[in-house]
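> got a structure for you, letters missing:
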């Protein structure tokens with residue numbers, strides 16, 4: 001959230017000259033449209049009967065690749081504007097798909113009586129990571145901060161794949177017990 005403006009400004013400066021203005025409002029609007037697209041994709045996949053665990057694993061993998069591409073582009077001497085913008089748009093579409101997906105999974109796996117406590121406990125390490133990166137931004141640089149985001153997305157993807165495997169084993173053992 002905090003790192004796209006300097007990266008995009010640098011890329012626009014490289015593409016159009018150092019004095020080129022960055023249209024932050026337009027870019028943010030496009031990010032929100034990408035987010036809406038992701039939310040719409042979620043609705044379409046659910047209506048077609050695709051399991052949330054399956055497409056969430058794919059979506060997290062795509063988000064990891066998109067953030068990795070943004071990290072790569074931001075670390076280049078002359079950041080390629082098209083790659084950077086495309087990577088951020090794809091990532092924002094994944095964000096749009098993420099929120100309804102995680103809400104569905106929370107409702108499925110976390111009992112109502114414990115959900116708020118569990119979510120608050122998991123928020124502590126997340127906020128610690130965000131504050132640590134923000135306080136270390138001078139040392140990490142923008143591409144370092146994006147690298148941390150890419151790594152966190154990779155961990156999320158691996159965790160989702162593990163959940164998918166666990167639920168597949170549970171469903172197969174339940175199906176075998178009923179047969």
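Received the coordinates, thanks. Everything quoted here is computed from the prediction, not taken from an experiment.
> Return the distance of residue 161 relative to residue 170.
Taking Cβ to Cβ, to the nearest Å as the measure, residue 161 falls 15 Å from residue 170. C-beta coordinates here come from the backbone N, C-alpha and C atoms, glycine included.
> now residue 113
Counting by Cβ to Cβ, the gap from residue 113 to residue 170 is 22 Å.
> ok, how many other residues are close to residue 61?
Other residues near residue 61 number 18, with proximity taken as other Cβ atoms under 10 Å.
> How about residues contacting the helix or strand harbouring residue 11?
Assigned by DSSP states H and E, residue 11 falls within helix 4-16. By Cβ atoms under 8 Å, 6 or more residues apart in numbering, the residues outside helix 4-16 that reach it are 20, 22, 24, 27, 31, 70, 73-74, 78-81, 84-85, 88, 142, 146.
> Filter these down to the buried ones, PyMOL style.
Applying 16 or more other Cβ atoms under 10 Å to the contacts of helix 4-16, the buried members can be selected in PyMOL as follows:
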select buried, resi 22+27+31+70+73+74+79+80+81+84+85+88+142+146
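> Which parts of the protein are strands?
Remark: strands of the chain are absent; assignment by DSSP state E.
> Pull the contacting residues for residue 159.
With Cβ under 8 Å, 6+ apart, residue 159 has no contacts at all.
> coming back round to it: which one's more surrounded, residue 113 and residue 170?
The neighbour comparison of residue 113 against residue 170 (other Cβ under 10 Å) goes to residue 170, with 10 against 7.
> Residue 90 is in contact with residue 66, isn't it?
Yes: assessed by Cβ atoms under 8 Å, residue 90 is found in contact with residue 66 at 4.1 Å.
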